[in-house]
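K.L.:
could you work out the structure for the sequence below:
(one chain, ligands or ions: 1)
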Amino acid sequence: MDHEIHELNKAETTFRTIIEPFKIKSVEPIRKTTRAYRERVLQDARYNVFRIHADDVMIDLLTDSGTGAMSSEQWAAVMRGDESYAGSASFFRFESVVRDIFGFKHVIPTHQGRAAERILFSIMCNPGDVVPNNTHFDTTRANIEFQQARADDLVIDEGHDTQSRHPFKGNMDVGKLEALIEREGTDRIPLVMLTVTNNSGGGQPVSMANIKDVSAVCRRHGLPLYLDACRFAENAYFIKLREEGYADRSVRSIAREMMGYADGCTMSAKKDGLVNIGGFLCTNDAALAQRERNLLILTEGFPTYGGLAGRDLEAIAVGLNEVLHEDYLLYRIAETQYLGQYLSDIGYPIVQPPGGHAIYIDAKGLLPHIPPLQYPGHALVAELYLAGGIRAVEIGSVMFGKVDPETGAETPAAMELVRLAIPRRVYTQSHIDYVIEACKRVWETRNELGGYRITQQPEYLRHFTCEFEPV
Ligand SMILES: Cc1ncc(COP(=O)(O)O)c(C=O)c1O
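P.N.:
Below is the predicted model of the structure:
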């Protein structure tokens, strides 16, 4: 077993084996399929895995968002859901848990993370404004740009280097932030964001020291700091493991300290809320909260349910406490590292070190014979499906390539990555071993894989629906 996992294990127990810290009470069958069957399915889906029925997928690593398994306590809480339109008891339970863990004064429920972002940015951003982040997730970028503002990524240089082993590759470059403030002026920067962990940067954590430094710059210039807190517990656990002075602190107190440097947060509870739908927006600013609630009523719902059912609020309240259990986080981070370690032992070039929720394979490094505009990431995604019924997602030129609307000429993306995202509490070690075995088969045939061309595509977000054929 790899050194890092061993270290993780040592921190918590004298046993070498890290067990899934749960028993299985309810099961969902996985339908086994053959390669010949999957070839037909993929062809019928025009080679786009988003178009495949989930029943035809054996291990679904498309995303870790909203795909986790709820606990028996969460299902029990669902039964307690109070569906009153106004003043629901479930809201007050939810609000008290969020306040207790996050420490912010005002808690506004939303149906998912992007709804919180839309409300926040439509109130705070004006055309021409700039919002810095370590790396914006697509929905934060899109919601900022929708306000005709600019979304700037200021992650440290190590965050761009797939092989750098910096322990906190999600950190923001504080020098770049100061330079941006100097250049643009504080009037044009309505808020600063930090995404913990940094999803678009490989799920890499942000250190407490960096959160503190960014916060100090913001306070000096009178700028509010917001955390995009989707994976706050995974980030807090990395701080405990990797940052000096935190080894003996509880993850809960680390999370609370992280939030203490910020003025508010956006949250997709579909990640570290351990639920299938839900989110929230927090702030310490009473006047801002009032404006946010007014907008919430217009698009999401009354402030005590905000686009969610009472039962959803109950499940989030339980999930937020469960995600801070350190045996859960030990298993969660070890599972991702285990997959990453075995893939790199096979020879896969992956983004190092493994982040919290996913492994990112460098498809350009794996398949150098496939040109970027024949989509090496897509070729790998297709082969993972054919070899093992595994669904992954391309994060490369299919997703981020730029097509000139006039000439149709295409510019490739900076990187050709494939993400294997691990749903929370869904798969056991044998499922991960199966993924590793399938990846080994793909590795052995890598030189025979060919590229793809796009035969049909929509104007926006083409990766969801476009059609391919093998070159
Ligand atoms: C870092 C980050 N921010 C925001 C979001 C948006 O959340 P949602 O999908 O709930 O709208 C996601 C979703 O994947 C995310 O990873």
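K.L.:
C-alpha only now, for contacts and for neighbours.
P.N.:
Will do.
K.L.:
and the strand or helix carrying residue 329, what's buried?
P.N.:
Using DSSP states H and E, residue 329 falls within helix 326-346. Within helix 326-346, the residues scored as buried using 16 or more other C-alpha atoms under 10 Å are 326-343.
K.L.:
do you know the pLDDT at residue 2?
P.N.:
You'll see residue 2 listed with a pLDDT of 47.
K.L.:
cool, and residue 13?
P.N.:
So, for residue 13, pLDDT stands at 61.
K.L.:
need the nearest residue in space to residue 74, chain neighbours excluded.
P.N.:
Computed as C-alpha to C-alpha, 6 or more residues apart in numbering, the closest residue to residue 74 that is not its neighbour in sequence is residue 315, at 4.9 Å.
K.L.:
in this structure the one you found contacts residue 278, no?
P.N.:
No. Contact criterion C-alpha atoms under 8 Å: residue 315 and residue 278 do not qualify, at 9.4 Å.
K.L.:
these two: which has the busier surroundings?
P.N.:
Higher neighbour count among residue 315 and residue 278: residue 315, with 30 against 27, using other C-alpha atoms under 10 Å.
K.L.:
could I get the phi/psi values of the more buried one?
P.N.:
Phi and psi for residue 315, reported as degrees, to the nearest 10, are phi -70, psi -40.
K.L.:
what sits against it?
P.N.:
Residue 315 makes contact with 74, 75, 77, 78, 275, according to C-alpha atoms under 8 Å, 6 or more residues apart in numbering.
K.L.:
could you list which of those residues belong to helices?
P.N.:
Within the contacts of residue 315, residues falling in helices by DSSP state H are 74, 75, 77, 78.
K.L.:
for stretch 80-95, list the C-alpha coordinates in PDB.
P.N.:
Output in PDB follows, covering the C-alpha atoms of stretch 80-95 (Å, rounded to 0.1, in the frame of the first residue of the first chain):
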ATOM      1  CA  ARG A  80     -39.500  14.200  10.000                       C
ATOM      2  CA  GLY A  81     -39.700  16.800   7.200                       C
ATOM      3  CA  ASP A  82     -42.100  19.500   7.900                       C
ATOM      4  CA  GLU A  83     -43.600  20.700   4.600                       C
ATOM      5  CA  SER A  84     -45.200  23.900   5.900                       C
ATOM      6  CA  TYR A  85     -44.800  26.700   3.400                       C
ATOM      7  CA  ALA A  86     -43.700  29.200   6.000                       C
ATOM      8  CA  GLY A  87     -41.800  28.700   9.300                       C
ATOM      9  CA  SER A  88     -41.200  25.000   8.700                       C
ATOM     10  CA  ALA A  89     -39.600  23.300  11.800                       C
ATOM     11  CA  SER A  90     -37.200  21.600   9.300                       C
ATOM     12  CA  PHE A  91     -35.800  25.000   8.300                       C
ATOM     13  CA  PHE A  92     -35.000  25.900  11.800                       C
ATOM     14  CA  ARG A  93     -33.200  22.600  12.400                       C
ATOM     15  CA  PHE A  94     -31.300  23.100   9.100                       C
ATOM     16  CA  GLU A  95     -30.400  26.700  10.000                       C
END
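K.L.:
tell me the mean pLDDT for that stretch?
P.N.:
Mean pLDDT, computed over stretch 80-95, is 98.
K.L.:
can you list the buried residues in it?
P.N.:
Neighbour-count burial for stretch 80-95 [16+ other C-alpha under 10 Å]: 81, 82, 83, 88, 89, 90, 91, 94, 95.
K.L.:
let's have those residues in TSV, adding distance to residue 207 and secondary structure.
P.N.:
Formatted as TSV, the buried residues of stretch 80-95 follow (distance: C-alpha to C-alpha, whole Å; DSSP: H, G, I helix; E, B strand; the rest coil):
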residue	distance to residue 207	secondary structure
81	37	coil
82	39	coil
83	40	coil
88	37	coil
89	36	helix
90	34	helix
91	32	helix
94	28	helix
95	27	helix
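K.L.:
among the residues you listed, which one lies nearest to the ligand?
P.N.:
Minimum distance to the ligand across those is 17.2 Å, recorded for residue 94 (C-alpha to the nearest ligand atom).
K.L.:
can you list contacts of stretch 138-148?
P.N.:
114, 117-118, 121-122, 125-129, 131, 150-151, 200.
K.L.:
no, scratch that, I was asking about stretch 87-98
P.N.:
Applying C-alpha under 8 Å, 6+ apart, the external contacts of stretch 87-98 come out as 80-83, 104, 107, 304-305, 310-311, 313-314, 316-317, 320-321.
K.L.:
mind doing that once more with 7 Å?
P.N.:
81, 82, 107, 304, 305, 310, 313, 314, 317 (C-alpha atoms under 7 Å, 6 or more residues apart in numbering).
K.L.:
any idea which of these is closest to residue 292?
P.N.:
residue 107 (10.3 Å; C-alpha to C-alpha).
K.L.:
dump the residue contacts of that closest one.
P.N.:
95, 280, 281, 282, 283.
K.L.:
ramachandran coordinates for it?
P.N.:
Main-chain dihedrals, residue 107, degrees, to the nearest 10: phi -120, psi 120.
K.L.:
cool, the one 3 residues further on as well?
P.N.:
Residue 110 has phi and psi values of phi -140, psi 170 when expressed as degrees, to the nearest 10.
K.L.:
how near is the most centrally placed residue in the chain to the ligand?
P.N.:
When C-alpha atoms, centre = their mean is applied to the chain, the residue found nearest the centroid is residue 199 (4.5 Å). Separation of residue 199 from the ligand (C-alpha to the nearest ligand atom, to the nearest Å) stands at 5 Å.
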